[in-house]
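**Q** can't give you the sequence, but here's the structure:
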């Protein structure tokens, strides 16, 4: 099992989760974070830290697409291990429907 970041992270990108991760398995895109499934140790400390509730265990139904997406972009995006400010419109974007289709960016973030 691993944890995955889901669509509610898009355009929010709170980084409270990366600060508590003991194995530094988060990777940063322009407007989204992902978890590397082969590095995640399934400790679960990141899940309650996410203000947008965008982190879920991959055992929840319907998360196969998110597991695949997290694995794919964790291979190309830079590692992030420190907390940064959320995106400027994070509060307004929290809970918006269909964020992946409307706002997902494949561009990498800055990393640490």
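**A** Thanks, I have the structure now. Computed from a prediction, not measured in an experiment: that's the story for all the values here.
**Q** When you work out contacts or count neighbours from here on, use the C-alpha atoms and nothing else.
**A** Will do.
**Q** part of a strand, is residue 65?
**A** No. Counting by DSSP: H, G, I helix; E, B strand; the rest coil, residue 65 is not found in a strand; it is helix.
**Q** Quick check: it vs residue 91, distance?
**A** 25 Å (CA to CA, to the nearest Å).
**Q** again, but for residue 59
**A** With CA to CA as the criterion, residue 59 and residue 91 are 28 Å apart.
**Q** Can you show me the helices along this protein?
**A** Listed in chain order, the helices of the chain (DSSP state H) span 16-20, 64-74, 90-93, 99-103.
**Q** List the contacts of the closest residue in space to residue 8 that isn't next to it in sequence.
**A** Excluding the flanking residues, the one nearest residue 8 by CA to CA, 6 or more residues apart in numbering is residue 54, at 5.1 Å. Going by CA atoms under 8 Å, 6 or more residues apart in numbering, residue 54 touches 5, 6, 7, 8, 9, 47.
**Q** which two in the residues you listed are spaced the farthest apart?
**A** The most widely separated members of those, counting by CA to CA, are 7 and 47 (14.2 Å).
**Q** Which one of those two is surrounded by more residues?
**A** residue 7 (24 against 20; other CA atoms under 10 Å).
**Q** dump the residue contacts of the more buried one.
**A** Counted by CA under 8 Å, 6+ apart, residue 7 has contacts 54, 98, 99, 100.
**Q** Nearest spatial neighbour of the residue nearest to the spatial centre of the chain, chain-adjacent residues omitted?
**A** Among the residues of the chain, residue 33 comes closest to the average C-alpha position under CA atoms, centre = their mean, at 3.2 Å. Among residues not flanking residue 33 along the chain, residue 27 sits closest, at 5.7 Å (CA to CA, 6+ apart).
**Q** For that neighbour, give its distance to residue 96.
**A** Residue 27 sits 22 Å away from residue 96, going by CA to CA.
**Q** More neighbours: which of those two?
**A** Taking other CA under 10 Å, residue 27 and residue 96 do not tie; residue 27 has more neighbours (26 against 11).
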